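Asker: got a predicted structure plus its sequence, pasted below:
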Amino acid sequence: MNLKLLKYVNDTHSKYITGDFSHFLYGFVKMIKPSSVVELGTGYGTTSFLTAQALKENDLGLITTIDDGKFWEETNPPQKDYNNFINTKIKEFNIEPRINFINKSLNFNTYEPLQYIKNVDILFNDIDCNPEYIIYTLSWLLPRINHTCYFFIDGSATYWPAYSMLEMVIKSLNEKNIPKKLLTHFNDDDLLYKCLRNKVFTLTHFRKNETSKQNSFSLIKIEDKDIEIR
């Protein structure tokens, strides 16, 4: 394990309260050995760096993380030197082959510059847990799932609008009743039905032992409904 990286994760935990989750995701990545991880909202890199370390130890996979630095507080104006800071840390922790940092704004209409990504195994949304945003992210994700995908949403389990929406949407998707809001975000209805036809959705909520707004997360597991006999 990279001791310098562990110290950095501990030192930056208080910034966005994601230090403990980053350890959770590190172990999760070590266990399932994903090929493609996507993070929306890099922040200080606490989660993405430790995920990249796990991928490095697995000798498999890449994490793509995106953040425009709009909320970067270390410099004034906020965006100044953010790209340099993150890339310097990536080199310092020697995780370059396993992480792709994109210092751009995410276009929520087209999902540029992430359109090229395929076969997502893990998606971590650390930008926004509002229902509209979650639905739109789900519409982007569905055609990019091969067999199984884990969609983590920070803060949603204790945010009532997000919690309620997720409970209703996952129930509807398992019953193959597609919510109108999902259809309006999807350009190809036939492709959407094809993506959903053989999928099963499992929703789990987790409460963190924290007092901040980031005191929970939800996990949507999306997988083929075929039962595998071992």
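Answerer: Arrived safely, thanks for sending. Numbering: from 1, shown residues only.

Asker: secondary structure class of the residue most central in space within the chain, three-state.
Answerer: Closest residue to the average C-alpha location of the chain: Phe124 at 1.1 Å, with C-alpha atoms, centre = their mean. Three-state assignment for Phe124 (DSSP: H, G, I helix; E, B strand; the rest coil): strand.

Asker: and what of the one 4 residues further on?
Answerer: For Asp128, the secondary structure call by three-state DSSP comes out as coil.

Asker: now it: how far from Lys30?
Answerer: Separation of Asp128 from Lys30 (C-beta to C-beta, to the nearest Å) stands at 28 Å. Where C-beta positions appear, they are placed from N, C-alpha and C, glycine not excepted.

Asker: more neighbours: which of those two?
Answerer: Asp128 (19 against 14; other C-beta atoms under 10 Å).

Asker: surely Asp224 is in contact with His147?
Answerer: Yes: contact criterion C-beta atoms under 8 Å: Asp224 and His147 qualify, at 5.3 Å.

Asker: give me the below-cutoff pLDDT ranges for the protein.
Answerer: Across the chain, the ranges flagged by pLDDT under 70 are 1, 14-17, 19, 73-80, 211-213, 227-230.

Asker: residue ranges for the helices of it, please.
Answerer: Here the chain has its helices, by DSSP state H, at 3-16, 19-32, 46-58, 82-92, 131-141, 160-174, 180-185, 189-197.

Asker: just these: most buried one?
Answerer: Ranked by mean neighbour count, these are led by helix 46-58 with a mean of 25 (mean count of other C-beta atoms under 10 Å).

Asker: ok, and what's touching it?
Answerer: Applying C-beta atoms under 8 Å, 6 or more residues apart in numbering, the external contacts of helix 46-58 come out as 1-2, 5, 8-9, 12-13, 15-16, 18-19, 21-23, 25-27, 29-30, 33-34, 37, 39, 42, 61-63, 65, 89-90, 93, 95, 97-99, 101, 124, 126.

Asker: quick check: angle from that helix to helix 3-16?
Answerer: Using axes from the mean of the first three to the mean of the last three C-alpha atoms, to 10 degrees, the inter-axis angle of helix 46-58 relative to helix 3-16 is 150 degrees.

Asker: gap between helix 46-58 and the chain center?
Answerer: 14 Å (C-alpha atoms, centre = their mean, to the nearest Å).

Asker: stretch 140-150 now?
Answerer: Stretch 140-150 sits 12 Å away from the centroid of its parent chain (C-alpha atoms, centre = their mean).

Asker: in that stretch, what's buried?
Answerer: Within stretch 140-150, the residues that count as buried by 16 or more other C-beta atoms under 10 Å are Trp140, Leu141, Leu142, Arg144, Ile145, Cys149, Tyr150.

Asker: which residue, other than its chain neighbours, is closest to the second one?
Answerer: Take Leu141 and drop its neighbours on the chain: the residue closest to it by C-beta to C-beta, 6 or more residues apart in numbering is Leu123, 5.7 Å away.

Asker: gap between the nearest residue to Lys30 once chain neighbours are set aside and Asn109?
Answerer: In this structure, Lys30 finds its nearest non-sequential neighbour in Ala54, 5.0 Å apart by C-beta to C-beta, 6+ apart. Distance, Ala54 to Asn109, using C-beta to C-beta: 32 Å.
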